[in-house]
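Enquirer: My questions concern the predicted model and sequence given below.
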Amino acid sequence: MARRAQARHTLTCGTPGAVIVASARAAAQRISPSPVDPIVARSGDDVPFDRLVTDLGAAGYTRVVRVEARGEFTVRGGIIDVFPAQGGAAIRLDFWGDRVESVRTFSVSSQRSEHDVAELVAYPPREVRPDGDMVALAANLVRAEAWAAATWDRIAERVMFPGIESWLPWLAPSRTVLSEMPPGGTMVVFDPVGVTDRARELAAEESDLAEALAPTWGFGAAGDHPLLYLDLPIEDDRALFVPPVPTGPDDTVVRVRGLDATPGDVDSVAGALSALIASGTTTVVAMDGDAAADRVAGVLSAGGIDLPRRDRLEVAESAVLGTGIHHGFRLVDVGVAVFGEQSIAGRRRAHRRIGRRAPAETATFRDLREGDYVVHYRHGIGRFEGLVAKTVAGVERDYLIVAYAAGDKLYVPTDQLDAIRRYTGGEKPRVSRMGGADWSATKARVRKAVATIAEQVVSLHRARAVASGHAFGPDGPWQSELDAAFPFEETPDQLQAIEDVKVDMQSERPMDRLVFGDVGFGKTEIAVRAAFRAATGGRQTAVLCPTTLLAQQHFQTFTERFDPFPIRVAMLSRFLTAREQKSVVRKLATGEIDVVIGTHRLLSEDIHFKDLGLLVVDEEQRFGVGAKDAIKGLRVGVDVLTLTATPIPRTLEMALTGIRDVSHIRTAPEDRHPILTYVGPLEERSVSAAIRRELLREGQVFYVHNRVQSIDRAVARLRELVPNARYAVVHGQMSEGRLEQVMLDFWNHRYDVLVATTIIESGLDLPMVNTLLVERADLLGLAQLYQLRGRVGRSNQRAYAYLFHPPEQSLSEEARRRLRSIGEHTELGSGFDLALRDLEIRGAGSILGEVQTGHIAAVGFDLYARLVAEAVRELEGRPASEDRPAEVRIEIPVNAYLAEEFLPDQEARLEAYRRLATATTVGEVADVAAEWR
């Protein structure tokens with residue numbers, strides 16, 4: 001929406017040389033009367049501080065504790081952090097009173113300031129923002145359109161709620177972006193008949209949908225329903241029409257040709273570029289992003305093709321740019337050729353990525369509320385009662401209040417917060433008594449119990465140290481070509497994981513690495529590059545998936561990525577006929593297949609590899625006991641890479657460090673938005689509204705009904721609610737061929753709504769699907785709900801997840817807590833927080849076994865994991881004291897606390913204190929301080 005506002009602002013200002021490109025759908029959409037002017041603040045300007053804060057909120061920016069996503073801002077003392085919604089870097093404004101002292105970019109990953117810039121330019125992230133006229137109109141609609149009185153009331157109260165844009169037809173005059181064309185502008189209309197027909201088609205579809213929904217919503221005749229899409233007035237003196245075919249003898253024909261190159265084929269693209277440059281044609285390669293442009297320029301230079309890397313073009317200059325387009329073209333008569341992203345890489349770079357702060361490192365106190373249980377390493381389990389400032393001996397500091405049994409209270413100085421952890425144990429704990437021997441006895445009992453686990457960890461660690469595997473060589477000549485064809489810009493986390501895997505595979509010790517990352521954060525590319533390294537090193541790769549749908553998707557990804565190279569990829573699953581499976585099995589044994597992707601079928605006794613070098617396991621925890629035993633047999637002497645989006649707590653990872661190496665991908669795509677999540681009773685009106693909104697923006701819907709026996713009845717009910725949508729059904733009892741065909745048809749947008757069981761929960765990447773509706777969400781586990789929600793929001797479109805429970809039934813306490821947790825944790829990268837909450841709800845027995853559950857409940861999961869780590873250290877001959885917080889007293893006559901004016905949010909202050917308390921080097925303290933400057 002901010003980019004749309006930016007385009008409209010550019011248009012209305014009459015910016016010289018500006019070109020606005022719009023589809024028929026975008027041009028026909030009714031525009032909001034809300035202003036589109038940006039908020040601007042320059043270094044050295046006098047800008048009233050409080051007014052800027054107010055203006056950001058009024059523009060639709062969300063005030064948060066820490067800026068991590070576009071459209072957010074925060075205030076800390078005299079500092080305002082803003083992440084402009086339209087794009088670009090996050091900006092930090094440092095004020096002295098009402099004067100802007102400095103404007104700098106900062107990293108949302110590290111929160112550290114980076115470079116000085118001239119100004120902040122922040123366009124509104126919301127297109128509809130209730131102002132005086134809109135508020136008055138909404139107040140009148142409460143009576144005139146009583147069927148939506150609750151919505152009009154919210155708008156009249158100036159509430160900017162998710163989905164407010166869908167109410168624009170009632171709130172805005174009949175104006176499109178074309179009505180904002182400045183007097184001296186020119187409008188170029190490609191295929192004018194097609195454009196006007198498309199606008200009428202959109203209006204007709206919306207009118208039909210309104211007619212279908214009228215009985216459910218009760219808003220009267222469809223003809224009285226204002227429309228979002230309007231007719232396009234292109235009969236304008238300033239319009240230049242470009243029909244697809246000549247319409248008369250005086251027409252000028254512009255010869256536009258495709259490029260004589262096979263997309264993604266390096267040799268073909270290089271040959272076409274060389275020929276065009278040699279012929280004197282101005283040749284431009286336009287990649288999507290600076291990093292991709294830098295890589296391509298390097299590859300071309302190494303191949304002897306002289307195309308300089310430029311940030312902008314001079315007239316008739318050939319170059320490589322970082323401002324990309326999708327498809328390439330050639331203007332024959334003009335002598336210009338442009339290679340787009342797809343012309344070079346074979347597909348479009350869908351979106352760039354940008355670093356976000358790792359939730360895993362900040363979850364300790366982020367959700368700590370008064371009344372929650374905490375664990376003090378020395379004093380035991382108590383109840384958190386808040387953070388207070390106290391003056392002791394003339395020195396003011398903040399203290400954490402922890403209440404214990406018998407009315408005792410402990411005031412914990414903030415420099416000792418490393419000794420405090422939030423309690424996670426699956427049940428209501430018994431509060432400890434301060435000064436008693438019970439807590440010491442409890443810790444001693446748990447230490448004795450974890451000794452067995454520690455011995456297993458140490459023995460596995462020693463066995464791995466002496467095991468012998470295959471050491472792969474360094475990067476081959478094709479590696480840079482594969483890297484350049486990656487359809488995203490790698491994040492720092494991805495690059496680190498790629499490097500981790502590279503180092504592991506070059507070692508003689510067999511790799512056993514776990515790559516953890518939230519849904520859609522780019523784990524598959526780590527496996528692609530590992531398999532490429534194995535194949536170019538002469539070894540085979542097996543990619544093991546829990547479902548046939550996920551195997552099919554991985555097969556498509558690997559095939560596409562390896563298409564320019566002589567790497568043979570095959571799939572083995574129930575999608576194949578018996579004859580096809582037999583052929584794949586034979587070729588695996590003879591070495592005719594380099595990479596095989598399959599389900600548990602790969603674990604069958606008839607599968608034999610000629611020279612297996614790498615095993616990739618996707619979501620290992622979803623395989624059964626028998627499959628896991630078979631996987632163990634495959635692992636012997638082979639490099640193993642495990643991918644998972646299932647949240648694993650940071651402390652559990654620390655306890656298991658001796659078993660597996662772990663890489664984290666914590667970085668979300670730049671254009672991804674947190675998924676708006678609604679949890680509530682199932683109402684037909686909510687269902688129809690959600691589907692209607694998605695259809696209006698030409699998207700698709702997942703509807704989860706997890707009972708095969710009644711799934712057809714669910715489809716029939718949906719047809720009654722929204723009859724003009726196209727429906728399809730998938731579930732695990734369908735035949736292989738039918739399941740595959742339906743998914744392919746849905747992929748190709750032949751259906752609007754896919755009604756499915758939870759078979760869709762893993763791995764599917766469908767960017768057009770941005771609405772999820774789940775019936776009986778109360779019957780699903782937290783991990784399942786998290787995975788299902790990850791099926792939407794995989795593009796730059798705002799995504800919605802509706803998790804319904806029966807309106808007439810009371811929920812169990814466990815189900816209520818699950819749904820509340822998934823509703824609260826909607827931010828990108830919230831997997832770790834959900835994992836800890838899941839431990840609270842279910843207990844830790846499912847992770848570490850029922851034998852240890854009582855011990856975990858006694859001390860909390862975090863301290864339990866710390867005790868395991870201590871035991872491991874002792875068995876390895878290292879001092880266990882490294883894991884025990886030292887009790888250090890710092891007594892200096894200086895006020896040392898974070899003022900509430902600087903960090904008004906208590907959770908944020910607690911987290912800041914914790915990070916300082918856990919810092920072990922001067923450099924770590926400097927890192928924390930750098931974030932606050």
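Expert: Good, I have the coordinates.

Enquirer: going forward, measure contacts and count neighbours with C-alpha atoms only.
Expert: Fine.

Enquirer: Give the residue spans of the stretch 201-350 of the chain that score low on pLDDT.
Expert: 209, 212-224, 235-236, 264, 345-350 (pLDDT under 70).

Enquirer: Try it again at 90.
Expert: 201-272, 278, 286-307, 310-317, 321-329, 331-335, 339-350 (pLDDT under 90).

Enquirer: shaky segments in the stretch 351-500 of the chain?
Expert: 351-373, 377-379, 386-400, 406-430, 433-470, 473-495.

Enquirer: And the longest strand along the chain, what's buried?
Expert: Scanning the chain for the longest strand, with DSSP state E as the assignment, gives strand 380-392. Going by neighbour count (16 or more other Cα atoms under 10 Å), the buried part of strand 380-392 is 380-387.

Enquirer: same deal with stretch 195-207?
Expert: Buried, per 16+ other Cα under 10 Å, within stretch 195-207: 195-196, 198-200, 202-203, 206-207.

Enquirer: Can you convert these into JSON lines and add a column each for distance to Gly923 and secondary structure?
Expert: Shown next, in JSON lines, are those (distance: Cα to Cα, whole Å; DSSP: H, G, I helix; E, B strand; the rest coil):
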{"residue": "Val195", "distance to Gly923": "60", "secondary structure": "helix"}
{"residue": "Thr196", "distance to Gly923": "63", "secondary structure": "helix"}
{"residue": "Arg198", "distance to Gly923": "60", "secondary structure": "helix"}
{"residue": "Ala199", "distance to Gly923": "60", "secondary structure": "helix"}
{"residue": "Arg200", "distance to Gly923": "63", "secondary structure": "helix"}
{"residue": "Leu202", "distance to Gly923": "59", "secondary structure": "helix"}
{"residue": "Ala203", "distance to Gly923": "61", "secondary structure": "helix"}
{"residue": "Glu206", "distance to Gly923": "59", "secondary structure": "helix"}
{"residue": "Ser207", "distance to Gly923": "63", "secondary structure": "helix"}
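
Enquirer: from those residues, which is closest to Leu819?
Expert: Taking Cα to Cα as the measure, Glu206 is the one of these closest to Leu819, at 33.4 Å.

Enquirer: and the closest one, what is it in contact with?
Expert: 227-229, 696 (Cα atoms under 8 Å, 6 or more residues apart in numbering).

Enquirer: can you pull the buried residues of stretch 44-58?
Expert: Buried, per 16+ other Cα under 10 Å, within stretch 44-58: 47, 49, 52-53, 56-58.

Enquirer: List the neighbours of it that are in contact with it.
Expert: With Cα under 8 Å, 6+ apart, stretch 44-58 has contacts from 39, 41, 63, 73, 95, 97-102, 129.

Enquirer: Take those and write them to TSV, including neighbour count and secondary structure.
Expert: Listed next are the contacts of stretch 44-58 as TSV, based on neighbours: other Cα atoms under 10 Å; DSSP: H, G, I helix; E, B strand; the rest coil:
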residue	neighbour count	secondary structure
Ile39	15	strand
Ala41	19	strand
Arg63	17	strand
Phe73	25	strand
Phe95	22	strand
Gly97	12	coil
Asp98	17	coil
Arg99	18	strand
Val100	22	strand
Glu101	16	strand
Ser102	19	strand
Arg129	24	coil
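
Enquirer: Least confident of these?
Expert: Minimum pLDDT for the contacts of stretch 44-58 is recorded at Arg129 (84).

Enquirer: How about that one, nearest residue that isn't a chain neighbour?
Expert: Spatially, and ignoring its direct neighbours in sequence, Arg129 is nearest to Ser34 (6.0 Å; Cα to Cα, 6 or more residues apart in numbering).

Enquirer: give me the number of residues near that neighbour?
Expert: Using other Cα atoms under 10 Å, Ser34 has 18 neighbouring residues.
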